[in-house]
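**Student:** All I have is the shape, not the residue letters:
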């Protein structure tokens, strides 16, 4: 969401809080660390790390300084920024994405309910059949008896009872389904599309590799130097380095002469050594040559130097969500033919995650409207498409898909509103549970139609044609299918499906 108020810089040196609706283009607003940015604009002063994951899909915070552009609804994680207002209200990227959601909901591909398909041809057939019997036999009693058995009243029970039971069962397991139609679509889906950041990953960086660049240092020494120097930094990458070192049980000292170099990294004194921890630009500014470039494998590279020489590098990437690989394997076993990733992040990062979890197809560097286009293209190939996401940038695609599933715990309000199914936690096992429950519900509907409507009615029609029963007996026997449908449907309230990933 976008803040409702903003702190505006005054020409008299006094800052004042005003409603965002009262801002004008050109106003300079102050945003502090931990606050959301209220406008699309240009940084005119200060520096900070901005988390744009919910809008762009970029997994790591971006460093912003004078001249950089920022978007409304994104989070300033650290630092402080003076931002000149360029776009407001409906002109912001956030508002345009919400408008895309509304358009996508209107264009959602229809998936006809199974019971509707049966009723579409059954009712005309019944009418013609009864008319033919009357014209041949002129036996009104027989026609009335047949009418009782050919009446498709159970069609009105076959689906709703199942869906009510399935939705209730889903709710018991922390899955909110907005309608039975979405369960039916989820059961029949053959393509599932995932966002990357915050869905297949947790949206937090972690150290994936420590590489030594100087043989005089061990991997533990490189990591200890980096983590000690980073201890006073609030940057997400620095926190990840420190956390990884502590997880490995390394003893960290206290850095002295600590200096945070915005957009570059940190400089500190560790045990009498001048240590730099940061990107290649930081090393270049301090005249430190790189003995090994080493391109990253879809993550972020942090270099470590000691007294003017590079000693190691750390590779960090977005942490893959536990159970992601097992989920995708289980979904394929359940009948999903294609697993697709749509992300706004770079292709290298997307390929790293896709390779680790088993995604079949990758589309990276996408804008929100690009995701909608990809979903529509899949539907144009006659696929029934499920989309799973969590960010504002996923909301239009969630709305356009046949079934949109929003990750509940970290999902944005826009994503939750656009989705058809909301998970109350970020447990990926809930997606498998929902899929298996939906398939069980769809199977139950078919059983209701076959046994409750098909077999019993065929036997009743046969008995009526043979004059074995009359209208009264038919009315009594007709209760049988209703009871069968009810009992078969409520079994879903106790069904156990899925497995913990």
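**Tutor:** Cool, the structure landed. The model shown is predicted, which means the values in this text are computed figures rather than measured ones.

**Student:** which one's the longest helix in this protein?
**Tutor:** helix 114-137 (DSSP state H).

**Student:** Quick check: the most far-flung residue of the chain relative to its centre vs residue 132, distance?
**Tutor:** Note on the chain: the largest C-alpha distance from the chain mean falls to residue 138, namely 62.3 Å (C-alpha atoms, centre = their mean). Computed as C-beta to C-beta, to the nearest Å, the residue 138 to residue 132 distance reads 12 Å. (Each C-beta comes from the backbone N, C-alpha and C, glycine too.)

**Student:** do residue 339 as well
**Tutor:** 51 Å.

**Student:** Would you mind telling me which of these two has more residues around it?
**Tutor:** Neighbour count, other C-beta atoms under 10 Å: between residue 339 and residue 132, residue 339 has more, with 20 against 10.

**Student:** what residues are up against the more buried one?
**Tutor:** Counting by C-beta atoms under 8 Å, 6 or more residues apart in numbering, residue 339 touches 191, 192, 193, 194, 328, 331, 332, 358, 359, 360, 361.

**Student:** buried set for the helix or strand where it lies?
**Tutor:** Per DSSP states H and E: residue 339 is located in strand 338-342. For strand 338-342, burial by neighbour count (16 or more other C-beta atoms under 10 Å) applies to 338, 339, 340, 341, 342.

**Student:** how does the chain divide up, domain by domain?
**Tutor:** 5-91, 114-189+384-492, 205-319 (automatic domain parsing).

**Student:** now the helices: where do they sit in the stretch 301-450 of the chain?
**Tutor:** Under the criterion DSSP state H, counting those that start in this stretch, the stretch 301-450 of the chain carries helices at the ranges 324-333, 347-357, 368-380, 395-400, 413-418, 429-447.

**Student:** what is the mean pLDDT for the fourth one?
**Tutor:** Just to be clear, that refers to helix 395-400. Taken as a whole, helix 395-400 has a mean pLDDT of 91.

**Student:** Give the other helices and strands that that helix contacts.
**Tutor:** helix 93-106, helix 368-380, strand 385-389, strand 403-407, helix 413-418 (3 or more C-beta pairs under 8 Å, 6 or more residues apart in numbering; DSSP states H and E).

**Student:** Out of the buried residues of strand 338-342, give me the two with the largest separation.
**Tutor:** Using C-beta to C-beta, the buried residues of strand 338-342 span at most 12.2 Å, a distance reached by 338 and 342.

**Student:** The longest helix of the chain versus helix 429-447: what angle between them?
**Tutor:** Calculated by axes from the mean of the first three to the mean of the last three C-alpha atoms, to 10 degrees, helix 114-137 forms an angle of 0 degrees with helix 429-447.

**Student:** Going by contacts, tell me the helices and strands next to helix 114-137.
**Tutor:** Judged by 3+ C-beta pairs under 8 Å, 6+ apart, helix 114-137 is in contact with helix 140-150, helix 155-158, helix 429-447.

**Student:** Tell me the bridge partners for the closest residue in space to residue 192 that isn't next to it in sequence.
**Tutor:** For residue 192, ignoring the flanking residues on the chain, the nearest one in space by C-beta to C-beta, 6 or more residues apart in numbering is residue 386 at 4.5 Å. Here residue 386 sits in beta bridges with residue 192, residue 403, going by DSSP bridges.

**Student:** Give me the distance between residue 386 and residue 400.
**Tutor:** 12 Å.

**Student:** Residue 262 now?
**Tutor:** 39 Å.

**Student:** Of these two, which one has the most company?
**Tutor:** Each of residue 262 and residue 400 has its neighbours counted (other C-beta under 10 Å); residue 400 has more, 28 against 15.

**Student:** Ok, which of the helices and strands packed on helix 114-137 comes nearest residue 420?
**Tutor:** Checking those against residue 420 by C-beta to C-beta gives helix 429-447 as the closest, at 10.5 Å.

**Student:** any chance of the helices and strands packed on helix 395-400 in JSON lines, with mean neighbour count too?
**Tutor:** JSON lines is the format used below for those (neighbours: other C-beta atoms under 10 Å):
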{"stretch": "helix 93-106", "mean neighbour count": "18"}
{"stretch": "helix 368-380", "mean neighbour count": "20"}
{"stretch": "strand 385-389", "mean neighbour count": "29"}
{"stretch": "strand 403-407", "mean neighbour count": "30"}
{"stretch": "helix 413-418", "mean neighbour count": "22"}
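
**Student:** so which of those gets nearest residue 251?
**Tutor:** strand 403-407 (37.3 Å).

**Student:** what's that closest one in contact with?
**Tutor:** Applying C-beta under 8 Å, 6+ apart, the set of residues contacting strand 403-407 is 182, 185-186, 189, 198-199, 384-390, 394, 397-398, 415-416, 418-423, 426, 431, 434.

**Student:** circling back: go through the buried residues of strand 338-342 and say which is closest to residue 309.
**Tutor:** Among the buried residues of strand 338-342, and counting by C-beta to C-beta, the member closest to residue 309 is residue 341, at 39.7 Å.

**Student:** With residue 177 as the reference, measure out to residue 263.
**Tutor:** Using C-beta to C-beta, we find residue 263 at a distance of 45 Å from residue 177.

**Student:** Equivalent analysis for residue 196, please.
**Tutor:** 25 Å.

**Student:** higher neighbour count, the two?
**Tutor:** Applying other C-beta under 10 Å to residue 196 and residue 177 shows that residue 196 carries more neighbours, namely 28 against 24.

**Student:** Could you give the number of residues near the nearest residue to the more buried one once chain neighbours are set aside?
**Tutor:** In space, residue 196 comes closest to residue 343 once its chain neighbours are excluded; the distance is 3.9 Å by C-beta to C-beta, 6+ apart. The tally of other residues near residue 343 (other C-beta under 10 Å) stands at 30.
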